[in-house]
Structures are given as structure tokens and as C-alpha cells.
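Participant: Structure for the following, please:
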Amino acid sequence: MQKLNLTLAAVATLALIGCGGGSSSNSGSSNDGFKIYKVEYSLNGTNLPSCPNAHITTTPAQNNSDIGIQNCTWICGDYQGSTMAVSLSFQQNGKNGIWEFDGEVLQTAPAQCHN
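Facilitator: Next comes the predicted model:
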């Protein structure tokens, strides 16, 4: 059930971004949401996953019974040799737990994507 909720949240995030809603913390040098960025991430133990050039939503675990969630979303991502909308999810079990890859949601990229 939890994995289903994460997948639904990721799909909803992609839908909101595609419609112009949602917030952005794009760390790229451009504010152009339709620029194609390479999809990449790094995991480093209890530190938040790093997702350069992604729109990121983070909910860190507050105590040992919480689950931390991070979704990294690229509206126009260069992923496995194709341009697509990509959302990767990560999960942390407990406040000092290790962050782990939890899944991906892939969709057709908007026509406005460009280099």
C-alpha cells in the first residue's frame, strides 16, 4: 500500500508540473523548466539523496517511527538515452535511517522540451 501511495504521489507531482502547478527547486543554471537535463542522483547513507537539476520534494523522517520520502522530478529528463518526464522516489526508514531508492515513474515528455 505504501509503494502505491508513493507511486500515486509521483504521478500527481508530474501531472501538476506538466500543468504549471507545483513548486520548483530546480538547481540548474536556467529557470527554463523545459530544458533537457540529465537524470542523475547519488545516495550517501543518512544524507538526503542528491538530484542535480531536478524539482525536489522532501519529507525527512522526524523520529524512528517515521518514513522520510524524497521525490526527484525532471520535466524533461535525459534518461536511459531518451527524453522523458521522470520521477524517482527515495525512502528513509526512521530519523537516522539509510536513504534507499524506492522506484521510478516514467511518462512521455512534453513537446516543449529542448536542449
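
Participant: which residues does the residue nearest the centre of the chain form a beta bridge with?
Facilitator: Centrality entry for the chain: nearest residue to the mean C-alpha point is residue 72, 1.3 Å, by C-alpha atoms, centre = their mean. For residue 72, the beta-bridge assignment (DSSP bridges) gives partners residue 56, residue 88.

Participant: Check whether it really touches residue 58, as I assumed.
Facilitator: No: between residue 72 and residue 58 there is no contact, the gap being 9.3 Å when judged by C-beta atoms under 8 Å. Yep, even glycine has a C-beta here, placed from its N, CA and C like the rest.

Participant: Show me the shaky parts of the protein.
Facilitator: 1-31 (pLDDT under 70).

Participant: those helices in the chain, which residues are they?
Facilitator: Using DSSP state H, the helices found in the chain span residues 2-18.
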